[in-house]
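> dropping the sequence and predicted coords here.
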Amino acid sequence: MSAKLKCQVCQKEFEALRSDTKYCSTCKITEGRKRFQTYEKRHKESCPLCGKEMLRRAKYCRSCNNKLQPWRKVGEENSNWKGGTTKANGYIYIRTKRIEGGVGSAYKAEHHIVWEKENNKVLPKDWVIHHLNGIKDDNRSENLELVDEKTHNLMSQLQLRIRNLELENNKLKEKICES
């Protein structure tokens, strides 16, 4: 059941579900803000690290708190630092730059770095580095070859087929040896 009440601030009539409501919806927001600001003014403390004012219930001011957060620390400063290398999909990636919030990846594939250093040029667009022996983390310069994407897809399919045939061949040899 709703009741018609008068706002204590603007004196407008409004409908409310509770009979003890004091303010209309717009005045309720402004009065809440005023209460918050007066409370904040009475309960200001200073940051123990830098001395700036901080909000209630906070241990440090916002800038000091951000500096203390481990997920905000980049590179060697982060507690999860593993030497700047990571492995994904069988490839090794090396951290090459520190980003402040910028664009692009901070990691680059190790085989790209090795090839570019060996050949003194940047990897051309629509070309890929192929691992000749099929082992993705074997990044020796003699194991890397520059090929276009179409050729690389064919080579990868052939290598996969060869591996499957070798596995079948080994299984057949084991069956012959058992009998």
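Received the coordinates, thanks. Note that the structure is a prediction, hence the values are computed from the model and not measured. Residues are numbered from 1 along each chain as shown.
> assess the claim that Leu123 and Glu116 are in contact.
Yes. In this structure Leu123 lies within contact range of Glu116 using CB atoms under 8 Å: 6.2 Å. C-beta here means a position set from N, CA and C on the backbone, and glycine is covered the same way.
> the two: who's more crowded?
More neighbours surround Leu123 than the other of Leu123 and Glu116, with 17 against 14 (other CB atoms under 10 Å).
> skip the chain neighbours and tell me the closest residue to the more buried one.
His112 (5.7 Å; CB to CB, 6 or more residues apart in numbering).
> pretty sure the one you found contacts Pro124?
No. Using CB under 8 Å as the test, His112 is too far from Pro124 to be in contact (11.5 Å).
> give me the more crowded residue out of these two.
With neighbours defined as other CB under 10 Å, His112 and Pro124 compare such that His112 has more, 19 against 9.
> quick one: average pLDDT of the one helix or strand that one maps to?
Under the criterion of DSSP states H and E, His112 resides in helix 110-119. The pLDDT scores in helix 110-119 average 92.
> packing partners for it?
Helix 110-119 is packed against strand 91-95, strand 127-131, strand 144-148, with contacts defined by 3 or more CB pairs under 8 Å, 6 or more residues apart in numbering; DSSP states H and E.
> for those strands, give me CSV that also has mean neighbour count and distance to Gln69.
Listed next are those as CSV, based on neighbours: other CB atoms under 10 Å; distance: least, CB to CB, whole Å:
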stretch, mean neighbour count, distance to Gln69
strand 91-95, 18, 20
strand 127-131, 18, 37
strand 144-148, 14, 40
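> make TSV out of the ones you listed and add mean pLDDT and distance to Glu13.
Shown next, in TSV, are the helices and strands packed on helix 110-119 (pLDDT from 0 to 100; distance: least, CB to CB, whole Å):
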stretch	mean pLDDT	distance to Glu13
strand 91-95	90	65
strand 127-131	91	73
strand 144-148	92	77
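> ok, which of these comes nearest Asn65?
strand 91-95 (25.9 Å; CB to CB).
> strand partners (parallel or antiparallel) of that closest one?
Strand 91-95 sits in its sheet next to strand 85-88 (antiparallel), strand 107-109 (antiparallel), going by DSSP bridges.
> where does pLDDT dip in the chain?
For the chain, the stretches flagged by pLDDT under 70 are 1, 40-44, 70-74, 98-105.
> tell me the domain boundaries of the chain?
The chain breaks down by automatic domain parsing into domains covering 3-68, 79-178.
> start to end distance for the longest one?
Across domain 79-178, the terminal residues are separated by 53 Å (CA to CA, to the nearest Å).
> cool, and stretch 16-27?
For stretch 16-27, the end-to-end distance is 13 Å (CA to CA).
> now stretch 53-66
OK, stretch 53-66 end separation, CA to CA: 15 Å.
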